[in-house]
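Participant: Curious how this folds, go ahead:
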Amino acid sequence: MKNSVTIRHGIAAAGVLVLLLAGCTAEPLAEQYAEGSAQGYISGDGAIVEIAPSDRDAPIEFSGTDENGRTIASEDFLGSVYVVNFWYASCPPCRAEASDLKALSEEYTDVPFLGVNTYDSAQTALSFAREFGIEYPSIMDAATAQVQLAFAGSVPPNAVPTTLVVDRDGRVAARISGLIREASILASIIDTVVAEDQ
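Facilitator: Below you'll find the predicted structure:
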């Protein structure tokens, strides 16, 4: 009798959990769980948002330490258009777009690229960089999420990967949520922001 009561309580609790997860539309990982997906990351839909200069929020301020222990801060990029990519090593779309990001970072020598690693250790990030030949730095943000929080008020990087283009004043000018499907898409956005009046 006691076991059947315990089992019924367990089934009821599991049912409530499933209902809560199914009804939690604001939490993408919960939605994926309710749908039976165990991918473990929030998939971006590839949506592209470009923000007119007059509609951009205040400049983003951040600071963090990269995989080599160097401090990197937003003030290092003032006066330059730059690209920020939120990623981690075992994220499949992050791996898929790594070669395009490497190629673009080498093509746009006047546009700094910065990674923000949201999950890994410095050693894992360094291994990823060696595997894909990436030479630009990544801030290790897993422990504090300070860089993620700095960008969240303007254009939240709620999917990994997320790629942002930041204007010369440090304001987010564009966002690609999810996999960069074609390098030319990001290249076109960079060209547009670079061409803005200085």
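
Participant: host element of the most centrally placed residue in the chain?
Facilitator: In the chain, the residue lying closest to the centroid (CA atoms, centre = their mean) is Phe86, at 2.8 Å. Using DSSP states H and E, Phe86 sits in strand 82-87.

Participant: quick revisit: let me see the contact set for the residue nearest to the centre of the chain.
Facilitator: Gly115, Val116, Thr118, Gln148, Pro157, Val160, Pro161, Thr162, Thr163, Leu164 (CB atoms under 8 Å, 6 or more residues apart in numbering). (Glycine included, C-beta is placed from N, CA and C.)

Participant: Quick check, the second one in contact with Val83.
Facilitator: No - judged on CB atoms under 8 Å, Val116 makes no contact with Val83 at a distance of 11.0 Å.

Participant: between those two, which one's more packed in?
Facilitator: More neighbours surround Val116 than the other of Val116 and Val83, with 30 against 25 (other CB atoms under 10 Å).

Participant: Residues in contact with the strand or helix carrying the more buried one: which ones?
Facilitator: Element membership for Val116 (DSSP H and E) is strand 113-117. Contact with strand 113-117 is made by 64, 67, 72, 77, 82-89, 101, 104-105, 125, 134, 136-142, 147-148, 157, as judged by CB under 8 Å, 6+ apart.

Participant: how far out from the middle of the chain is stretch 161-175?
Facilitator: The chain centre lies 12 Å from the centre of stretch 161-175; the measure is CA atoms, centre = their mean, to the nearest Å.

Participant: should've said stretch 148-157
Facilitator: Its chain's average C-alpha position is 10 Å from that of stretch 148-157, according to CA atoms, centre = their mean.

Participant: Check stretch 169-187 too.
Facilitator: 11 Å.

Participant: Could I get the buried residue list for it?
Facilitator: Across stretch 169-187, burial judged by 16 or more other CB atoms under 10 Å covers 170-180, 183, 185-187.

Participant: Quote the end-to-end distance of it.
Facilitator: 20 Å (CA to CA, to the nearest Å).

Participant: I'd like the mean pLDDT over it, please.
Facilitator: Averaged over stretch 169-187, pLDDT sits at 95.
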